[in-house]
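*Asks:* Output the structure for:
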Amino acid sequence: MTSPTAPPVVGPDGRAGPRHPSRPPSARAPAAGDPARRPGTAPAWIDFAVAAVTAFVAAMIATTLFTAYHADPDPLWSNPLHDRNGHFGFGLDLAIALRGLDPLAVLDHLWKAVVWPPLHGLILSGVLLVGGLDYRLGILPSLAGWAATAVLAAVLARSLFADAIRGITAAAVAAALALASPAFALLGTDVMPEGLGAALTMAALLAYARAEEEPADTGRWRLLGLVLTLLFFHQRAPWALVVVTLALFAVVAHAAAVRRFAGALADSLRSAARSGPLWRDPLLIAVLVVVAAVAAILWTKPPASTIYGRSISLYPPVHLITLAYALFLLRLVLGWRSERDRLGPALGAPARAVLVWHVMPIAISFLVPGWMPGAGGLGGPVDLLAVRLDPLQGLVFYRDVFLDAYHPSPWIGLAAAALFAVALVRIHRIPVGLRPVFVLALVGAIGVVAFPLHEGRFIAPFVATVWIGAGAGAATLVGAVTPARLTLVRAAVALGAVVALL
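*Replies:* Numbering: from 1, shown residues only. Predicted structure coming up:
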C-alpha cells in the first residue's frame, strides 16, 4: 500500500500509473456504461440525501423502540446470568468512579477489562454521567450503533454505483433489510456490544474505501487506523474479521508493494544475521526461556500452592505471557530503530500511518498485565481449548439463524442471500476499495462456522455486508431488466422493489 512520492508515478500495485498521484490505476473512473464507480464521484447531495433519509427513518424507529423499552424495562433484566449484567455493571462502576473524581478507581476498572474491551463501558459511563445512573439508559449505546449501522450500510451500498437510480435502489434495499431485522433490533435494544461493533465494522469498511480512493492522502489512512483501533478496544471478534479481510485483500490487490516490503525485511534480517547469530541475542534467549516456561505450565496445569497463607497459582500463566511479549516487543523496537531507514520507505506512507494509529496503540496496550492473554480468551470465563469443534453443526445453526432470526421471514433471507450472490458474481465491476465488503461477508461466515462456540449474535457485526450485497444485487437486476434510456421506468421498478420489501 505504498504511495508514490516522485515521478515516475507508481501505483499501489507497483506498475506505472497516471501522472496525477491521487488517481492510481485502481482508482480510475470506470468506463462508460460501467455501473461501478469510486466513492465520491457522484453529486455529493445524492449521498447526503441517502444518509439523511436513512438516518431520519432509523431515528424514528429507534425512538419508538426506546420508548417501548423505557416503559417496561424489567423483562430485559429477568436473566441474572446474562452478559448484559456484566456490561452494564462495568459502565456503572466507571460512571460512579468518574462522578466521584476517583482516577485510581477508574484505572483499576480499566485494568480489569481483560476479556471484554473497555470502549463500550466508557461510552456507557458517559451516557450514565449525563443522563443519571438509570439502568433504563443502558441500551442507548447499542441503539445508536444499530441506527448508525443502517446509515453506513446505505452509504456503502450507494457508493457501489455511479447511476443514481441503481445506487439509491441498493441503498434503500440495504437499509430496509437492516432496519427490518428482528434479531438485529433485539441486539440494538440490549446492553450488548454488537450494535456498536456492527457500526464500527461498517465505519472501517467505509474508511478503507475512502482511503483507496485517494491512496496518497495519508490522513485517510490515519482515519482507517483510528477506526480499527476503536473497533479493537470495543469488540475483538469483528476487529479480527475486518483485519483478516483487509490483510488478505491487501496481499492480493497490492502484491507488488507487499513484495517490496518483504524484500526489504529480508535484507534487514540478513544484515542482522551477518552482524552476529540471532540465537546469541540475549533478548531472544530470554523470550525463548519464558515461552518454554509458559508451554510447560499450559501442559501440566499445576495446582495452586499456599505460601504464607496466600494461594498462589501459575495457571493460567498470564503474567509470564505478558513478560515474554514485552521482551519480544523490545527486540522489535530495537530492530526497527536500527533498520528504519531501509524499512520505512519500503513500508510506504499509508502503511506507516496505519502502523502508528492502529498497530502501535494495540502493541502498547498489550503491556498491561493480563491484556494480551485475555485478548485470546486465556484466563477468561470460557476455555476455548476445551470446546469441541463442530463446523457442520455451526453451518446448520447459522443458516437457521440467518433465515429465521435476522429476517422477518425465511423467504426474505433467501432472497437477500440470492441477491448477494448476484452481486458477488459481478465483483470485478465493483470499485476496488469496496470489494472488502463482500470479502468480509465470506470471511465472517467461515469464521463463525469454524469458531467452537455458536451464538446467533456472533454474525451481527458483519451481517450488514450481506444486506449491502443484496442491495447491490437488486440494483443490478433493476439495471438489467429496464433500458437505461427509460429513466422513469427504471425509477418506478426500483421504487416498486423497495416498497415490496418494506
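
*Asks:* so where's the stretch 301-450 of the chain shaky on pLDDT?
*Replies:* Within the stretch 301-450 of the chain, the ranges that satisfy pLDDT under 70 run 308-309, 311, 374-387.

*Asks:* quick one: the helices in it?
*Replies:* 318-347, 349-354, 360-365, 371-375, 391-400, 410-425, 436-450 (DSSP state H, counting those that start in this stretch).

*Asks:* Could you pull out the buried residues of the first one?
*Replies:* Meaning helix 318-347. Within helix 318-347, the residues that count as buried by 16 or more other Cβ atoms under 10 Å are 318, 320-329, 331, 335, 339, 343, 346-347. To be clear about C-beta, it is placed using only N, CA and C from the backbone, and glycine gets the same treatment.

*Asks:* Please name every helix or strand in contact with it.
*Replies:* Counting contacts by 3 or more Cβ pairs under 8 Å, 6 or more residues apart in numbering; DSSP states H and E, helix 318-347 packs against helix 255-275, helix 282-300, helix 371-375.

*Asks:* which secondary element of the chain has the worst mean pLDDT?
*Replies:* helix 487-501 (a mean of 66; mean pLDDT, DSSP states H and E).

*Asks:* thinking again about what came up before, make CSV out of the helices of the stretch 301-450 of the chain and add distance to residue 154.
*Replies:* Shown next, in CSV, are these (distance: least, Cβ to Cβ, whole Å):
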stretch, distance to residue 154
helix 318-347, 35
helix 349-354, 26
helix 360-365, 30
helix 371-375, 32
helix 391-400, 25
helix 410-425, 15
helix 436-450, 13
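
*Asks:* Minimum distance to residue 117: which of those helices has it?
*Replies:* Closest to residue 117 of the helices of the stretch 301-450 of the chain is helix 371-375 (Cβ to Cβ; 8.3 Å).

*Asks:* Not counting stretch 288-307 itself, show me its contacts.
*Replies:* Stretch 288-307 is contacted from outside by 311, 312, 313, 314, 315, 316, 317, 320, 321, 323, 324, 327, using Cβ atoms under 8 Å, 6 or more residues apart in numbering.

*Asks:* And those residues, which two are furthest apart?
*Replies:* Within the contacts of stretch 288-307, 311 and 327 form the most distant pair, 27.7 Å apart (Cβ to Cβ).

*Asks:* Let me see the mean pLDDT of the helix or strand containing residue 148.
*Replies:* In this assignment (DSSP states H and E), residue 148 forms part of helix 140-158. For helix 140-158, the mean per-residue pLDDT is 96.

*Asks:* Past it, which element shows up next along the chain?
*Replies:* Next helix or strand after helix 140-158 toward the C-terminus (DSSP H and E): helix 164-180.

*Asks:* for the residue nearest to residue 261 when sequence neighbours are not counted, what are its contacts?
*Replies:* Once flanking residues are discounted, residue 261 sits nearest to residue 346: 4.7 Å by Cβ to Cβ, 6 or more residues apart in numbering. Residue 346 makes contact with 2, 260, 261, 263, 264, 265, according to Cβ under 8 Å, 6+ apart.

*Asks:* rerun that using 6 Å as the cut-off
*Replies:* Listed by Cβ atoms under 6 Å, 6 or more residues apart in numbering, the contact partners of residue 346 are 260, 261, 264.

*Asks:* sorry, back to before: tabulate the CA atom coordinates of the helix holding residue 148 in PDB.
*Replies:* Taking Å, rounded to 0.1, in the frame of the first residue of the first chain, the C-alpha atoms of helix 140-158 are listed here in PDB:
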ATOM      1  CA  LEU A 140     -28.600   3.800  24.300                       C
ATOM      2  CA  PRO A 141     -25.100   3.000  23.000                       C
ATOM      3  CA  SER A 142     -26.400  -0.200  21.300                       C
ATOM      4  CA  LEU A 143     -29.400   1.600  19.900                       C
ATOM      5  CA  ALA A 144     -27.100   4.400  18.500                       C
ATOM      6  CA  GLY A 145     -24.900   1.700  16.900                       C
ATOM      7  CA  TRP A 146     -27.900  -0.100  15.400                       C
ATOM      8  CA  ALA A 147     -29.100   3.200  13.700                       C
ATOM      9  CA  ALA A 148     -25.500   4.000  12.600                       C
ATOM     10  CA  THR A 149     -25.100   0.600  11.000                       C
ATOM     11  CA  ALA A 150     -28.200   1.100   8.900                       C
ATOM     12  CA  VAL A 151     -27.000   4.500   7.700                       C
ATOM     13  CA  LEU A 152     -23.400   3.300   6.900                       C
ATOM     14  CA  ALA A 153     -24.800   0.300   5.100                       C
ATOM     15  CA  ALA A 154     -26.900   2.600   2.900                       C
ATOM     16  CA  VAL A 155     -23.900   4.800   2.200                       C
ATOM     17  CA  LEU A 156     -21.700   1.900   1.300                       C
ATOM     18  CA  ALA A 157     -24.400   0.400  -0.900                       C
ATOM     19  CA  ARG A 158     -24.900   3.800  -2.600                       C
END
